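> how would this look folded up:
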Amino acid sequence: AEKDRKKQKQKEKIERQKKEGTYMTKKQKQQAALAQQRLEAMKAAGMDVPSGGGKKKGSSVEDKKDEAEEARKKAQAEAKKRAEEEAKKLAEEKRLEEERLA
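Modelled structure (predicted):
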C-alpha cells in the first residue's frame with residue numbers, strides 16, 4: 001500500500017511537470033548538468049559568456065509565430081490608421097468644397 005502510494009505520487013508529479021513543460025528524463029538532466037559545467041568552466045577561464053538562459057529570441061517556432069502575429073497586428077493597425085486619416089482628409093476636402101460652393 002505504501003509502495004503503491006509512493007508510485008502514484010511520483011506519477012502525478014511527473015504528469016504535473018510534463019504539463020508545466022519542466023519534466024526532464026535522466027539523460028536530459030545529465031546533459032543539462034554537463035552544459036552547466038561547461039558554462040562554469042568557460043566563465044572560470046575568463047570567457048565572455050552571454051547570459052540568456054541558452055535561448056535566443058526568435059529561436060523557437062513559437063517565438064517566430066509570435067513575432068509574425070505581432071507584425072501582422074502592427075500592419076493591420078497601421079493600415080487602419082492610414083484609412084482613418086484618408087477618410088478624415090476626404091471629409092475635410094468635401095467640407096471645404098461645400099464651403100467654397102456655398
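
> measure stretch 46-66 end to end?
36 Å (CA to CA, to the nearest Å).

> quick check: mean pLDDT across that stretch?
For stretch 46-66, the mean pLDDT works out to 71.

> just the CA atoms of the helix or strand harbouring residue 15, as CSV, please.
Per DSSP states H and E, residue 15 falls inside helix 2-20. Extracted in CSV, the C-alpha atoms of helix 2-20 (Å, rounded to 0.1, in the frame of the first residue of the first chain):
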residue,chain,number,x,y,z
GLU,A,2,2.8,2.4,1.0
LYS,A,3,4.8,1.5,-2.1
ASP,A,4,1.7,2.0,-4.4
ARG,A,5,1.0,5.3,-2.8
LYS,A,6,4.6,6.5,-3.5
LYS,A,7,4.5,5.3,-7.1
GLN,A,8,1.2,7.1,-7.6
LYS,A,9,2.5,10.3,-6.1
GLN,A,10,5.6,10.1,-8.4
LYS,A,11,3.4,9.5,-11.4
GLU,A,12,1.3,12.6,-10.5
LYS,A,13,4.5,14.6,-10.0
ILE,A,14,5.8,13.6,-13.5
GLU,A,15,2.4,14.4,-15.1
ARG,A,16,2.4,17.8,-13.5
GLN,A,17,5.9,18.5,-14.7
LYS,A,18,5.0,17.4,-18.2
LYS,A,19,2.1,19.8,-18.3
GLU,A,20,4.3,22.6,-17.0
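
> report all helices and strands that it contacts.
Judged by 3 or more CB pairs under 8 Å, 6 or more residues apart in numbering; DSSP states H and E, helix 2-20 has no packing partners among the helices and strands. C-betas here are computed from N, CA, C, even on glycine.

> return the residues in contact with residue 78.
Shown in contact with residue 78 (CB atoms under 8 Å, 6 or more residues apart in numbering): no residues.

> state the distance from it to residue 12.
As judged by CB to CB, to the nearest Å, residue 78 and residue 12 stand 49 Å apart.
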